[in-house]
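In: Next input, structure requested:
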Amino acid sequence: MEIKIDNNQKGLPHQFLSYWYLTRRHLKVFFKNVPTVIFSLMVPLAIFAVYVVFLRSLEVGVIREQFEAALARNNLADASDAFKEEAMTKLSGIADCWLISGVLGVSCITVSLNTDYIVVRDKETGITRDFISSPIDPRIIVLSYFTFNVIVTFAINFLVYLLCLLYIAISGAYMISLVDFFAILGILLLSVISASLITFFICSFISSESVLSPIVAIVSAAIGFLIGAYLPSGFVDPGIEKITVFFPGTYSVSLLRNYFIETPLAKLQSFFMTTDGGKYLPLASLIDELTGQFGFNLNFFGYKVPREIMALVIFAFIGIFAVLDIFVGYRHFFSIHSRKKEKKKDKNVSAD
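Out: Numbers count the residues shown, from 1 in each chain. Have a look, this model is predicted:
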């Protein structure tokens, strides 16, 4: 794609124009590569499909056992089949929301990292070197790559988010409120910004697609376990659970779960309180069991992390990696081209 920038223009308006054209160029290059777009979309959907086909029955089975145990414990084993079916539908919906939160948290990272192939390819083919040779401020070049990554990652995750909501609606478990919808959207944007800053920092040290590809594969396979997205905390080793609290994605997933599951938990409690004149109110204790075993609450070495702290941690990671990108990643990003240019000069001198 040809970028039409008048080299005679100076000042801030020129840099903003350059920023606009560069960002648009990156977007066009990405969306023209249809296989990459499809792959970026299919990764989170494939994870969700694996859950629905394989893991859902396991988690729902555990919840069913806890539900039946709670019925027996409270002398409610004679509850009607209609009540049991309705309760299990709501409980299964909670399990679905738990996993959807994990899928979105993982997707923010994997899609962002996969999208950065544009950055690496441009470095490998010398396109970035051409940008540097132009009168464009190098900071504008970096900002355009970051903006492009945020736009693509958020767009793909927003589409996955809508598809997951459609699944929840079809299952008949519940519908999230408008407030929760926009709250989750805001968390998703924060998670995308955090992931984009982290993946750009990683890719600033990579100058070959052959190096990036295995990194994407490894991260895609492992990140879900490292941020507690795939299995409830009651199913994993306590040592692994302690490691997860040091990954920024863990806080994104936990914050998403808080907003995804708040409404269904409230509706489940209301269901227990109002059905048959409050006969099933003792079953409300089941909610505490589920929140403990499924890790709805993030535990930092015994400290229950509230929502506000989770959000602050995400902002802190955004600030840390923004600084790292500016003072470390930014310099290394362009030092690669400087070293290549010096090597080329050395070869020309040797040839002479």
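
In: Tell me where the stretch 101-250 of the chain has helices.
Out: Along the stretch 101-250 of the chain, the segments classed as helices by DSSP state H, counting those that start in this stretch run 117-125, 127-133, 138-171, 178-203, 209-226, 238-244, 248-274.

In: and D96, which of these is closest to it?
Out: The minimum distance between D96 and the helices of the stretch 101-250 of the chain falls on helix 138-171, with 6.1 Å, by C-beta to C-beta. Bear in mind the C-beta positions are built from the backbone N, C-alpha and C, glycine included.

In: which helices and strands does that closest one pack with?
Out: helix 11-32, helix 34-50, helix 81-115, helix 117-125, helix 127-133, helix 178-203, helix 330-351 (3 or more C-beta pairs under 8 Å, 6 or more residues apart in numbering; DSSP states H and E).

In: Including distance to E65, mean pLDDT and mean neighbour count, could the ones you listed go into TSV?
Out: Listed next are the helices and strands packed on helix 138-171 as TSV, based on distance: least, C-beta to C-beta, whole Å; pLDDT from 0 to 100; neighbours: other C-beta atoms under 10 Å:
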stretch	distance to E65	mean pLDDT	mean neighbour count
helix 11-32	46	86	16
helix 34-50	22	84	16
helix 81-115	11	88	22
helix 117-125	45	89	19
helix 127-133	56	81	16
helix 178-203	29	93	21
helix 330-351	52	53	12
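
In: would you turn these into JSON lines with distance to S252?
Out: Shown next, in JSON lines, are the helices and strands packed on helix 138-171 (distance: least, C-beta to C-beta, whole Å):
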{"stretch": "helix 11-32", "distance to S252": "23"}
{"stretch": "helix 34-50", "distance to S252": "14"}
{"stretch": "helix 81-115", "distance to S252": "5"}
{"stretch": "helix 117-125", "distance to S252": "22"}
{"stretch": "helix 127-133", "distance to S252": "29"}
{"stretch": "helix 178-203", "distance to S252": "4"}
{"stretch": "helix 330-351", "distance to S252": "24"}
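
In: closest one to F315 among those?
Out: Nearest to F315, of the helices and strands packed on helix 138-171 and by C-beta to C-beta, is helix 178-203 at 7.5 Å.

In: Give me the angle between that closest one and helix 138-171.
Out: Angle, helix 178-203 to helix 138-171, by axes from the mean of the first three to the mean of the last three C-alpha atoms, to 10 degrees: 140 degrees.

In: tell me how far helix 178-203 is from the chain's mean position?
Out: Helix 178-203 has its C-alpha centroid displaced from the chain centroid by 7 Å (C-alpha atoms, centre = their mean, to the nearest Å).

In: so it versus helix 81-115, what angle?
Out: Computed with the same axes, to 10 degrees, the direction of helix 178-203 lies at 30 degrees from that of helix 81-115.

In: Show me what helix 178-203 is packed against.
Out: helix 81-115, helix 117-125, helix 138-171, helix 248-274, helix 307-324.

In: between the third one and helix 11-32, how big is the angle?
Out: The directions of helix 138-171 and helix 11-32 differ by 40 degrees, with the same axes, to 10 degrees as the criterion.

In: which one of the helices and strands packed on helix 138-171 lies closest to A69?
Out: So among the helices and strands packed on helix 138-171, helix 81-115 is nearest, using C-beta to C-beta, at 12.9 Å.

In: what packs against that closest one?
Out: helix 34-50, helix 56-73, helix 138-171, helix 178-203, helix 209-226, helix 248-274.

In: Dump the ones you listed into JSON lines; add distance to H26 as well.
Out: Listed next are the helices and strands packed on helix 81-115 as JSON lines, based on distance: least, C-beta to C-beta, whole Å:
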{"stretch": "helix 34-50", "distance to H26": "13"}
{"stretch": "helix 56-73", "distance to H26": "37"}
{"stretch": "helix 138-171", "distance to H26": "4"}
{"stretch": "helix 178-203", "distance to H26": "12"}
{"stretch": "helix 209-226", "distance to H26": "16"}
{"stretch": "helix 248-274", "distance to H26": "24"}
